[in-house]
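In: Pasted the sequence and its predicted model underneath.
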Amino acid sequence: MALPSERPKRPASTVVPAAEAGAAGGERLLRALVSLVDDLTVERDEPGLLRAAVEHAVGSLGLVGGAAMVVGEDGAPRAAAAHRLNPEDEEVRDLARTVLAGQLPLVRPLSEGGWLAATPLRARQRTLGALVLHGDAASGSPLGNDALEVLGKQVGTGLENVRLYAELREAAGRAEVLRRITTAVTSGSELASVLPAVAAEVRAVIAAERVACGFVNESGDYIETVSDPEGSCWGLGGVLPVVGSGPGFVALNDRAVVQRDLVQDHRFLEDMRLLEDGLRSYLLLPLRAREQAIGVLALGSRTVGAYDDATLARLQPLADAVALAFENLRLLQKTRELSITDEVTPLHNFRHFHTALDRELKLAQRHGGPLSLLFIDLDHFKPINDSYGHLRGSRTLREVGFLIREAVRETDIPARYGGDEFVVVLPHTESAAARTLAEKLRQLIEGHTFLQEESINARLGVSLGIATFPDDATTKEALIRLADQRMYQDKDLRKAGR
């Protein structure tokens, strides 16, 4: 039964050591201990063990009720199991607090008759909680000090064992997840190909609608990311600037970020785009290898407050453990990409452009589809080089590369042709669609202010040329030549229009 919470509080002098309150029959105590031993060999989870322990102690000893309390993170007793006794009753909680503070069994007589007895739950020199028992006149004398201590140690030992079992089971689970993630990472040669398997394992630990992984590039100014599910991205596409982005902040500061609600707070460049995609909260974890942050693991959820500090504590060791495997994969991928990536911009280089154009033209010839080639030449770029130097000129070209990457489709192939000229191979694209993309690029680049962080605030113009296979040309050489010619025609028209 529940004790009435409005009962007058008893003076402290009525709380007496259990040894002075008499002793229960040895037979009843033996039955209780045998029942508890049975519980310890059967129960494998904390709630089940405490519930069974309280029920068997009450039943074997012929008591009215009982409750088990465990020590919370704040050190106060927290109700964990009860049988015909209200663990929230003030007298029950007060007696549990007193027992935890004094570390000794106690008995408190009740005004309407009967008694409350409590004993600490102890194991390996630690106090884990308290067991509170309620007896009435029919229950006989309260348990003595020795009997209560034996009960407390018995239940405390069982509680410690199930906690150790849970920790071992959780550790084994983490080890198995870690093994599967490491196997997934080492089974492929590209991050994009292994991320789905990694994301599946991460989602087995914590729910996430989007999982992304990214690494800082060699120059340290942007982060290349891949995301799962396929076709998604982390806010602004596959390339994020280090300065201003969440992944960049995490990589620079080697510090995790927990974003609980994007509606209430948006700190980084990509946050509004993530919100538009339906995400409400996210977690960014640094990937650490060789005592430094080499990249970022990102988890996004459509639920508000999906991640907190407890989630961070669970996942950061996992991220640390697999970071080296990610780093080895990244180095392998970088070694391969060095042969196809431009040294200044995030685009492909001249050699890869020709290889890709050959491949796409063969596919177009085989399947009968169109292919367009877009030439881009920057106007007013030379004054930047002459006035501010080649280093700032290279930074300008890099910004142009980012803008092009943002504008084109995933299936398009953007490259730096040389100097301040760029090209984009547009598979399955007719002339009209190519012109639409070209004008989008022109507006994007001409509307951008370059070198803002250095207060230079430069502006550029764009000249464009388009040629389409097979309508305009049927060979690679003719296609390139025509697109180049049309780009210079556009430049002349723009000059004449001024």
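Out: Right, received. Where do you want to start? Numbers count the residues shown, from 1 in each chain.
In: the helices in the chain, which residues?
Out: With helices called from DSSP state H, the chain shows them at 26-42, 46-61, 90-102, 145-186, 191-205, 246-253, 271-276, 309-337, 350-367, 382-388, 390-407, 431-446, 476-496.
In: Redo these as JSON lines? Include mean pLDDT, mean neighbour count and distance to A82.
Out: For glycine as for every other residue, the C-beta is placed from the backbone atoms N, C-alpha and C. As requested, the helices of the chain are arranged in JSON lines below (pLDDT from 0 to 100; neighbours: other C-beta atoms under 10 Å; distance: least, C-beta to C-beta, whole Å):
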{"stretch": "helix 26-42", "mean pLDDT": "59", "mean neighbour count": "16", "distance to A82": "16"}
{"stretch": "helix 46-61", "mean pLDDT": "89", "mean neighbour count": "21", "distance to A82": "7"}
{"stretch": "helix 90-102", "mean pLDDT": "94", "mean neighbour count": "20", "distance to A82": "9"}
{"stretch": "helix 145-186", "mean pLDDT": "76", "mean neighbour count": "17", "distance to A82": "14"}
{"stretch": "helix 191-205", "mean pLDDT": "81", "mean neighbour count": "18", "distance to A82": "32"}
{"stretch": "helix 246-253", "mean pLDDT": "92", "mean neighbour count": "21", "distance to A82": "45"}
{"stretch": "helix 271-276", "mean pLDDT": "93", "mean neighbour count": "16", "distance to A82": "45"}
{"stretch": "helix 309-337", "mean pLDDT": "73", "mean neighbour count": "16", "distance to A82": "26"}
{"stretch": "helix 350-367", "mean pLDDT": "91", "mean neighbour count": "15", "distance to A82": "70"}
{"stretch": "helix 382-388", "mean pLDDT": "91", "mean neighbour count": "14", "distance to A82": "75"}
{"stretch": "helix 390-407", "mean pLDDT": "91", "mean neighbour count": "19", "distance to A82": "60"}
{"stretch": "helix 431-446", "mean pLDDT": "94", "mean neighbour count": "16", "distance to A82": "66"}
{"stretch": "helix 476-496", "mean pLDDT": "93", "mean neighbour count": "15", "distance to A82": "80"}
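In: A293 is nearest to which of these?
Out: helix 246-253 (5.1 Å; C-beta to C-beta).
In: ok, the spatially closest residue to R416 that is not a sequence neighbour - how many residues close by?
Out: Nearest non-adjacent residue to R416, counting by C-beta to C-beta, 6 or more residues apart in numbering: D342, 4.3 Å away. Neighbourhood size, D342 [other C-beta atoms under 10 Å]: 22.
In: can you pull the pLDDT of D342?
Out: On the pLDDT scale, D342 is placed at 84.
In: what sits against R302?
Out: If you count contacts by C-beta atoms under 8 Å, 6 or more residues apart in numbering, R302 has them with 209, 278-280.
In: switch to 10 Å and redo it
Out: Neighbouring residues of R302 by C-beta atoms under 10 Å, 6 or more residues apart in numbering: 207-210, 277-281.
In: By neighbours, which of those residues wins?
Out: Top of the contacts of R302 by neighbour count (other C-beta under 10 Å): L279, with 24 neighbours.
In: Could you count how many residues lie near the residue nearest to it when sequence neighbours are not counted?
Out: In space, L279 comes closest to G300 once its chain neighbours are excluded; the distance is 4.3 Å by C-beta to C-beta, 6+ apart. Neighbour count for G300, taken as other C-beta under 10 Å: 26.
In: Quickly list what G300 is bridged to.
Out: R210, Y282 (DSSP bridges).
In: The nearest residue to R124 once chain neighbours are set aside: what's it in contact with?
Out: Distances taken as C-beta to C-beta, 6+ apart place E160 nearest to R124, at 6.3 Å, with adjacent residues excluded. E160 makes contact with 121-124, 126, 128, according to C-beta under 10 Å, 6+ apart.
In: Go again with 8 Å.
Out: 123-124, 126, 128.
In: Which residue in these has the weakest pLDDT?
Out: R124 (82).
In: Please tell me how far it sits from P105.
Out: Shown here: R124 relative to P105, a distance of 19 Å by C-beta to C-beta, to the nearest Å.
In: Same question for F353.
Out: F353 is 83 Å from P105, by C-beta to C-beta.
In: Equivalent analysis for V258, please.
Out: 44 Å.
In: between the two, which one's more packed in?
Out: Legend: neighbour count by other C-beta under 10 Å for V258 and P105, higher for P105 (27 against 16).
In: give me the beta-bridge partners of V239?
Out: Bridge pairing for V239 - DSSP bridges - gives E224.
In: no no, D228
Out: V211.
In: what residues are up against it?
Out: 195-196, 198-199, 210-212.
In: Try it again at 6 Å.
Out: Contacts here follow C-beta atoms under 6 Å, 6 or more residues apart in numbering; on that basis D228 touches 195-196, 199, 211.
In: is it possible to export the residues you listed to TSV including distance to A483?
Out: Formatted as TSV, those follow (distance: C-beta to C-beta, whole Å):
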residue	distance to A483
L195	35
P196	37
A199	40
V211	39
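In: Thank you kindly, that will do.
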